[in-house]
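Enquirer: no sequence on this one, just coordinates:
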């Protein structure tokens, strides 16, 4: 198991969630992504993202200075359930 660290301090919504989604694409199942944020909305956005991807938030730390998420990659690939379906006539 390896842990990849992602420093998103100073970024505002929606960038922490978007960059977390992108980073999860390069994490192997069974490994961890440690995300450091300062945006208070990330406590809503990142858990919602993780619920969507099917991964697991292992630890969430919160202080006045930052928020830290430790995400365990469960799936091999991010779920594309929100992807647009092809149109048929």
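Expert: Good, I have the coordinates. Predicted, not measured: the structure shown is a model, and the values here were computed from it.
Enquirer: Residue nearest the middle of this protein, spatially speaking?
Expert: Residue closest to the average C-alpha location in the chain (CA atoms, centre = their mean): residue 20, at 3.9 Å.
Enquirer: Over to it. Which of the three states is it?
Expert: Assigned state for residue 20: helix (three-state reduction, DSSP: H, G, I helix; E, B strand; the rest coil).
Enquirer: chain center to stretch 27-43, what's the gap?
Expert: 5 Å (CA atoms, centre = their mean, to the nearest Å).
Enquirer: in that stretch, what's buried?
Expert: For stretch 27-43, a neighbour-count test (16 or more other CB atoms under 10 Å) marks 27, 32, 33, 35, 36, 37, 38, 39, 42 as buried. All C-beta spots, glycine's among them, are computed from the backbone N, C-alpha and C.
Enquirer: So for that stretch, first residue to last residue, what's the gap.
Expert: Using CA to CA, to the nearest Å, the end-to-end distance of stretch 27-43 comes to 21 Å.
Enquirer: For residue 67, give me its contacts.
Expert: 36, 37, 38, 39, 40, 42, 43, 60, 61 (CB atoms under 8 Å, 6 or more residues apart in numbering).
Enquirer: tell me which of these is nearest to residue 49?
Expert: Distance to residue 49, by CB to CB, is smallest for residue 42 among the contacts of residue 67, at 9.6 Å.
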